[in-house]
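**Q** Structure for this input, please:
(one chain, ligands or ions: 3)
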Amino acid sequence: MSVTVVIGSQWGDEGKGKIVDILSQNADIVARYQGGANAGHTVVHDGEKTILHLIPTGILNPDCVCLLGSGMVIDPVQLLTEIEEISSAGVDVEGRLFISHRAHLIMPYHKLLDNLNEQARGSQAIGVTGRGIGPAYIDKYNRVGLRIVDILNREMFRKILATNIKDKNRIIHELHGEPELDLDEIYNYYLEFDKKIDPLIKDISIYLNKAIDDGKRIICEGAQGTLLDIDWGTYPFVTSSNPTSGGAITGLGIGPTRVDSVLGVIKAYTTRVGRGPFPTEFEPEMEKLMREAGDEFGATTGRARRCGWFDAVIARYSARINGINSWALTKLDVLSNFDQLKVCVAYEYKGKRLEDFPADLNVISGVVPVYEDFPGWREDISDVHRVDDLPDAANNYISRIQELTDTPVEIISVGSERSQTIRTFQG
Ligand code: GDP
Ligand code: IMO
Ligand code: MG
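**A** Ligands and ions are numbered 1, 2, ... in the order given. Below you'll find the predicted structure:
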């Protein structure tokens, strides 16, 4: 049996898509456990780029079955579009894609409210992706959400939907002056959606637990990252789910005793999209250089990503919160563009040294990073396939990250292609 949870260790966009795609070549099942179409996971194969938002990246490997977990919030419009897009690109999804009947549905009012709420926050805006994520999870926890299984009970579905639309129209129409939503139109759309996805609906907990019993190899694909976690991230500048490894347990209906390992995907520097504190963030000039070198533009919204040096305080925090066994260190090739590198090893706050990531937003915003300097290697490493062939300076950089985080680097990524990957040992 082998169940590996793959998580983002920073603020998302660490390269989870690329890493899960590689691992899924030796996997039977890949399952997403939380979030929704706010994710943008990129896979590049033979120069061809695919960006997946809802469907696990394992779908690009023909032998992999893919699951959308109960912890997810699923936008039917996006799901159908994505199925259509990958099918027309030649990927056969028949019998390989299943959706939890307990997953919550994103409704049109969630997407509308996401954008209206964001506008209303003004200078306190979070920088959401506008995919309806926050409002959908609000309804879930407020116990007025609608799940995929609920569409089956037409009468109840219509009744709850009618109440929700009445409530939301008060905000959408009366408060914001936007046109009212129409019950029949929405009801009929979801009925049609239900017919289309009927063969894909499954009790994924039963399916997964049996697969584990049968010795299948399973990857749980996290979306977003540890610092965007609703409980452990830089609250309130976070997403509304649990991207951390615990989310895989609740989101997929498997017990913690079933998980064998946790792989933390971590960029060789740091990026963040959206607002919120970011201790190692660059000044604009350096940020521009790194953004261009790393092509740091959002896969979902196209927004320019904020950039900064590698932060070992965050990496240590992530290792602890998630129980990370090893790292997949990505985008090391991007650092070839710089003469000098820095790694943040601790923070200073009001003259005191902090080794652990703080919870208080004011403290996170006020810390001064303590840096160690490293010589760069100024050498193209994008064709390197063995650790021994990396420049010494690159190996020193990796060794120090391992030391600072007390966690080994198992995979090193030196380019977006599948082939641009170095395995340090067999995990
Ligand atoms: P995810 O959300 O964690 O899956 O990451 P994204 O797909 O949003 O962003 C990662 C970006 O970096 C994508 O454009 C990838 O193709 C690219 N990428 C992944 N690994 C590497 C790498 O090692 N080097 C370079 N240069 N690009 C990479
Ligand atoms: P992947 O899976 C990077 C950020 C948004 C915003 C905050 C809340 O590709 O790593 P939301 O729409 O979720 O309510 O937005 O979270 N965010 C991401 N940042 N990568 C992601 O996903 C993200 N998903 C959400 O920018 O700051
Ligand atoms: Mg992404």
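
**Q** From the contact counts, what lies against the longest strand seen in the chain?
**A** Ranked by residue count and defined by DSSP state E, the top strand of the chain is strand 340-349. Helices and strands touching strand 340-349, by 3 or more C-beta pairs under 8 Å, 6 or more residues apart in numbering; DSSP states H and E, are strand 310-311, helix 312-322, strand 352-354, strand 368-375, helix 392-405. For every residue, glycine as well, the C-beta is placed using N, CA and C.

**Q** Tell me which of those lies nearest to Thr421.
**A** Each of the helices and strands packed on strand 340-349 has some distance to Thr421 by C-beta to C-beta; the shortest is helix 392-405, at 14.2 Å.

**Q** so what strands line up beside the longest strand of the chain?
**A** strand 310-311 (parallel), strand 352-354 (antiparallel), strand 368-375 (antiparallel) (DSSP bridges).

**Q** just those strands: most buried one?
**A** strand 310-311 (a mean of 26; mean count of other C-beta atoms under 10 Å).

**Q** ok, and what's touching it?
**A** With C-beta atoms under 8 Å, 6 or more residues apart in numbering as the contact definition, strand 310-311 has outside contacts at 10, 267-270, 279-280, 342-344, 369, 401.

**Q** if we go to 7 Å?
**A** Strand 310-311 has contacts (C-beta atoms under 7 Å, 6 or more residues apart in numbering) with 268-270, 279-280, 343-344, 401.

**Q** Generate the ChimeraX command that creates a selection of the buried members of these.
**A** To isolate the buried subset of those in ChimeraX, counting by 16 or more other C-beta atoms under 10 Å, use the following:
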select :268,269,270,279,280,343,344,401
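
**Q** Throw the helices and strands packed on strand 340-349 into CSV and include distance to ligand 3, thanks.
**A** CSV is the format used below for those (distance: least, C-beta to the ion, whole Å):
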stretch, distance to ligand 3
strand 310-311, 18
helix 312-322, 16
strand 352-354, 29
strand 368-375, 24
helix 392-405, 22
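
**Q** returning to what we had before: in JSON lines, list the strands paired with strand 340-349 along with distance to ligand 1.
**A** Formatted as JSON lines, the strands paired with strand 340-349 follow (distance: least, C-beta to the nearest ligand atom, whole Å):
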{"stretch": "strand 310-311", "distance to ligand 1": "14"}
{"stretch": "strand 352-354", "distance to ligand 1": "27"}
{"stretch": "strand 368-375", "distance to ligand 1": "18"}
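
**Q** Next, format the helices and strands packed on strand 340-349 as JSON lines and append mean pLDDT and distance to ligand 2.
**A** Shown next, in JSON lines, are the helices and strands packed on strand 340-349 (pLDDT from 0 to 100; distance: least, C-beta to the nearest ligand atom, whole Å):
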{"stretch": "strand 310-311", "mean pLDDT": "98", "distance to ligand 2": "16"}
{"stretch": "helix 312-322", "mean pLDDT": "98", "distance to ligand 2": "13"}
{"stretch": "strand 352-354", "mean pLDDT": "98", "distance to ligand 2": "24"}
{"stretch": "strand 368-375", "mean pLDDT": "98", "distance to ligand 2": "21"}
{"stretch": "helix 392-405", "mean pLDDT": "98", "distance to ligand 2": "20"}
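
**Q** Compare the ones you listed and report which one is nearest to Leu227.
**A** helix 312-322 (6.6 Å).

**Q** Alpha carbons only: can I get the closest one in CSV?
**A** Output of helix 312-322 as CSV, limited to C-alpha atoms (Å, rounded to 0.1, in the frame of the first residue of the first chain):
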residue,chain,number,x,y,z
ALA,A,312,13.4,28.7,5.6
VAL,A,313,11.2,29.9,8.5
ILE,A,314,8.2,29.1,6.3
ALA,A,315,9.7,25.9,5.0
ARG,A,316,10.3,24.7,8.6
TYR,A,317,6.8,25.7,9.6
SER,A,318,5.4,23.9,6.6
ALA,A,319,7.4,20.7,7.4
ARG,A,320,6.0,20.7,10.9
ILE,A,321,2.3,21.5,10.1
ASN,A,322,2.1,18.9,7.3
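
**Q** neighbouring contacts of that helix?
**A** Residues contacting helix 312-322 (C-beta under 7 Å, 6+ apart): 7, 9-10, 226-227, 232, 244-245, 262, 264, 266, 324, 343-347, 356-357, 401, 404-405, 407.

**Q** And those, which of them are buried?
**A** Buried subset of the contacts of helix 312-322 (neighbour count, 16+ other C-beta under 10 Å): 7, 9-10, 226-227, 232, 244-245, 262, 264, 266, 324, 343-347, 357, 401, 404-405, 407.

**Q** near ligand 1, which of those residues show up?
**A** Contacts with ligand 1 are made by none of these, judged by C-beta under 6 Å from any ligand atom.

**Q** Can you verify Ala223 is assigned to a strand?
**A** No: read with DSSP: H, G, I helix; E, B strand; the rest coil, Ala223 is coil and lies in no strand.

**Q** Verify the contact between it and Pro243 for me.
**A** Yes: between Ala223 and Pro243 there is a contact at 6.1 Å, judged by C-beta atoms under 7 Å.

**Q** so what's Gly302 scoring on pLDDT?
**A** Looking at Gly302, its pLDDT reads 89.

**Q** That one - how many residues pack around it?
**A** Neighbourhood size, Gly302 [other C-beta atoms under 10 Å]: 9.

**Q** Secondary structure class of the closest residue to Thr50 other than its chain neighbours, three-state.
**A** Distance criterion C-beta to C-beta, 6 or more residues apart in numbering; nearest residue to Thr50, sequence neighbours excluded, is Val43 at 4.9 Å. Per three-state DSSP, the secondary structure class of Val43 is strand.

**Q** What distance do you get for Val43 to Val30?
**A** Counting by C-beta to C-beta, to the nearest Å, the separation of Val43 from Val30 is 12 Å.

**Q** what residues do these two have in common as contacts?
**A** Joint contacts of Val43 and Val30 (C-beta under 7 Å, 6+ apart) are Thr57.
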